[in-house]
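Peer 1: okay, predicted coordinates and the sequence, questions at the end:
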Amino acid sequence: MLTSHGTIQGYNGQALVDDENQVIIHAEVFGDGQDHHHVPPVIDGAKENMKALGHAEDYFEGTILTADALYHSATNMEKCEEEKIDAYIPDKRFRRRDPSLKTTREYSGKEAKRIHLKDFHHREADDVYICPQGKVLRLKAKNTRGDHDRIQNIYASDDCTGCEIKTKCISRKNGKRRHLTVRTGTAPGNRNKAMADKIDTEVGKKIYSRRFGIVEPVFGNIRSQKRLDRFTLRGKIKVNIQWLLYCMVHNMGKIANYGTI
């Protein structure tokens with residue numbers, strides 16, 4: 001599976017945890033390193049567990065769900081809306097927007113030398129952008145729909161071969177033209193914007209901040225105390241059984257501490 005560490009042979013262990021006693025409500029492994037599509041099957045699995053205990057189909061309706069930015073996707077948010085779950089799943093720009101999370105560390109190396117939108121001059125008279133070397137980027141597409149339902153204009157230069165600062169401006173090694181994406185608005189009914197607006201409120205920040213103290217200790221306990229720092233079996237069925245057994249042992253510890261409800 002593709003991960004931040006490259007392509008690896010392994011599985012991604014998921015767990016839905018309650019905020020009262022850190023009991024695992026549902027657990028499952030997936031052969032996908034990205035979490036963009038994991039909320040629906042985890043919620044469905046949790047619903048089956050609740051139904052087995054005699055709870056109604058709408059058991060989770062009105063509950064709060066928190067997940068980190070890796071789960072921020074239309075698929076996951078649509079599932080929460082469908083189940084009437086109050087989800088708090090921030091986008092990747094969440095920390096950049098929060099002044100309290102900013103640091104004074106300056107970027108260094110290649111990233112600091114890159115040419116960004118702020119380095120281009122917009123000539124409004126004929127709606128073109130001028131690069132630091134004087135190249136003109138003309139409008140190629142207007143009000144297109146980009147990632148996260150953004151409305152944007154796309155500008156492009158002519159051939160940039162031979163430019164002295166090409167390596168700072170064009171990321172592709174064999175790229176010949178610089179493309180510039182300028183955001184102009186947001187598509188109506190944008191779930192991403194609605195989620196960002198909710199997360200950025202004081203209440204939203206307070207609710208989301210609880211996530212770390214709810215789920216991370218569970219994974220820390222299984223990894224460091226139960227010593228499951230890697231799966232030792234092959235095949236999803238066997239690995240899933242191993243993951244569930246460790247999660248059950250975790251829950252047994254919670255029962256020993258808090259008793260049954």
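Peer 2: Okay, I see it. None of these values were measured; they are calculated from a predicted model. Numbering: from 1, shown residues only.

Peer 1: okay, strands next: where are they in the stretch 101-250 of the chain?
Peer 2: 121-123, 128-130, 136-145, 150-156, 179-186 (DSSP state E, counting those that start in this stretch).

Peer 1: what's the domain layout of this protein?
Peer 2: Using automatic domain parsing, the domain parsing of the chain gives 2-98+200-258, 110-186.

Peer 1: winner for burial among those domains?
Peer 2: domain 2-98+200-258 (a mean of 15; mean count of other C-beta atoms under 10 Å). Just so you know, the C-beta spots here come from the backbone N, C-alpha and C atoms, and that holds for glycine as well.

Peer 1: output the domains of the chain as TSV; include the columns distance to residue 193 and mean pLDDT.
Peer 2: Formatted as TSV, these follow (distance: least, C-beta to C-beta, whole Å; pLDDT from 0 to 100):
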stretch	distance to residue 193	mean pLDDT
domain 2-98+200-258	9	94
domain 110-186	5	86
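
Peer 1: wait, which of these is closest to residue 192?
Peer 2: domain 110-186 (4.3 Å; C-beta to C-beta).

Peer 1: how far away is the spatially closest residue to residue 191 that is not a sequence neighbour from residue 210?
Peer 2: Of all residues not flanking residue 191 in the chain, residue 77 sits nearest, at 4.9 Å (C-beta to C-beta, 6 or more residues apart in numbering). Distance check for residue 77 against residue 210: by C-beta to C-beta, to the nearest Å, it reads 19 Å.

Peer 1: circling back: same list (the domains of the chain) but as CSV, adding distance to residue 192.
Peer 2: Putting the domains of the chain into CSV (distance: least, C-beta to C-beta, whole Å) gives the following:
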stretch, distance to residue 192
domain 2-98+200-258, 6
domain 110-186, 4
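
Peer 1: what's the neighbour count on the closest residue to residue 93 other than its chain neighbours?
Peer 2: Leaving aside its sequence neighbours, residue 93 sits nearest to residue 196 (C-beta to C-beta, 6+ apart; 7.6 Å). Neighbours of residue 196 under the rule other C-beta atoms under 10 Å: 19.

Peer 1: make CSV out of the strands of the stretch 101-250 of the chain and add distance to residue 246.
Peer 2: Listed next are those as CSV, based on distance: least, C-beta to C-beta, whole Å:
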stretch, distance to residue 246
strand 121-123, 56
strand 128-130, 54
strand 136-145, 43
strand 150-156, 41
strand 179-186, 43
